[in-house]
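Student: the sequence and its predicted three-dimensional model are supplied below.
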Amino acid sequence: MKCEIIAIGSELLTPFRQDTNSLYLTERLNELGVTVAFKTIVGDRRKDLTNAIRTALGRVDITITMGGLGPTEDDLTREAWADALGIVLKRNADIVGQLYARAAQRRWQLTENNLKQADVLDGAQVLENPRGTAPGQWLDTVFGTHRKLGMLLPGPPSEIKPLFDEQCVPRLREILPQRFMATRTLKAAMIGESHADARIAPIYSRYTDVETTILAHLGDIQLTLICTKPTMEEAEARVMELASLIEEELDDLIYSSAAKSESLEQIVLYYLEMRGATLAVAESCTGGLIAERLTSISGSSRSFLGGAVVYSNELKTEFAGVPEELIEEKGAVSREVAAALAEGIRRRCRSTYGLGVTGIAGPGGGTEEKPVGLVYIAISDGVQTEVVEKNFPGDRGRIRFFASQQALDMVRRKLM
């Protein structure tokens, strides 16, 4: 079955607030085998709300609205549902009594506008909301000639999450055919979205029962596979079959394919610990970003020893032992200096591996010979030192992150 979630509130259409409730509901719905096909954000305008609800009723089986159930003039969700379905609202005496009792308990003066929270759609079931004043509503109705389920839920996260879990999920379980959804996320480092898709589209396009999405991030892509079947065993088997073929095609570009997706820094630390190896870094243009990413993982101290941010030429020499004459001859941004950084920091920290990064992150400092985005990354194990030259696009932040991603991926590949 397909669902549409409608987040209501003009504040959600500003740069200052965002909808997070739908992420929670989507996860819970997926567990029930329900696909969220649409998410809509609508401001507090009755006509727009009505049109959004009517559109959802026409294209999905389940429509969920979040917010707009309060006592103020701009809380219009109940009225919009009534308009969309052509039904009336009836004031519920039990809810009115609860509102007065709640106000008396808190010694509040209950104003007339609070009573609109007791207006219930004709034929709807009330969903009790002990954590707030506005109850939710459950609708099992017909729109056109098709059965539709509707849920009117409050907006505050502290109210909507427990209400949905305690009152909506059990109702859905009774109604929905038993379906199970299996998901798997594969992550590949340092490959473009279009290049990856050109290689794997001929594979996943054959699996019409598995939904495949590709999401590009800085320095990697995420491939998410989703399959819904009558049993979890069937769904997982189908997803695993496709995942295996994609892994075979992309080979060592894939750095994570676990059911619970992992970051590149987690994978690097996992490999280091598995090999009983340690790492130290000498960072110039990345300014400590590699160390920050590694140390954001709990337990990283078992494998990551530390290192230095060697931004100036003097510190490249003092902390990583890069010869002054090498910097003068080749320049701080060079293949030779990157190698010297990796070798020097490995010796200085007595680590298994040393990582050296130097480059021009911009926006200034570039030349025709050495443009902004030029980065050299080196990894040394004491026997061999590998250096890669990259020209990364984008602004300073993007270049620095790309460089950190490339560096971590070099460590991963070395450990593999």
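Tutor: Happy to help now that I have it.

Student: who does the helix or strand containing Val357 touch, helix- and strand-wise?
Tutor: Taking DSSP states H and E as the definition, Val357 sits inside strand 353-359. For strand 353-359, the packing partners by 3 or more CB pairs under 8 Å, 6 or more residues apart in numbering; DSSP states H and E come out as strand 279-283, helix 335-349, strand 374-380, helix 396-415. For glycine as for every other residue, the C-beta is placed from the backbone atoms N, C-alpha and C.

Student: pLDDT (mean, whole number) over that strand?
Tutor: In this model, strand 353-359 has a mean pLDDT of 98.

Student: parallel or antiparallel, list what pairs with it.
Tutor: Strand 353-359 has its sheet partners listed here by DSSP bridges as strand 279-283 (parallel), strand 374-380 (antiparallel).

Student: identify the residues contacting the shortest one?
Tutor: Contacts with strand 279-283, where a contact means CB atoms under 8 Å, 6 or more residues apart in numbering, come from 268, 272, 289-291, 294, 303-310, 316, 319-320, 341-342, 344-346, 348-349, 351-357, 407, 411.

Student: which non-adjacent residue is nearest Asp409?
Tutor: Spatial nearest neighbour of Asp409, excluding adjacent residues (CB to CB, 6 or more residues apart in numbering): Ala189 at 4.3 Å.

Student: mean confidence score for stretch 149-161?
Tutor: The model assigns stretch 149-161 a mean pLDDT of 97.

Student: next: stretch 316-326.
Tutor: pLDDT averaged over stretch 316-326 gives 97.

Student: Asp220 is nearest to which of the strands paired with strand 353-359?
Tutor: strand 374-380 (15.9 Å; CB to CB).

Student: run through who's touching that closest one.
Tutor: 285, 333-335, 337-339, 341-343, 346, 353-360, 366, 385-392, 399, 402-403, 406-407, 410-411, 414.

Student: report how many residues lie close to Thr358.
Tutor: 30 (other CB atoms under 10 Å).

Student: got the contact list for the closest residue to it other than its chain neighbours?
Tutor: The shortest distance from Thr358 to any non-neighbouring residue, by CB to CB, 6+ apart, is to Ser284 (4.2 Å). Taking CB under 8 Å, 6+ apart, we find Ser284 in contact with 309-311, 316, 332, 341, 357-359.

Student: state the phi and psi torsions of Ser284.
Tutor: Per-residue torsions, Ser284: phi -110, psi -80 (degrees, to the nearest 10).

Student: likewise Val388?
Tutor: When read as degrees, to the nearest 10, the backbone of Val388 gives phi -120, psi 150.

Student: wait, is Leu149 part of a strand?
Tutor: Yes: judged by DSSP: H, G, I helix; E, B strand; the rest coil, Leu149 forms part of a strand.
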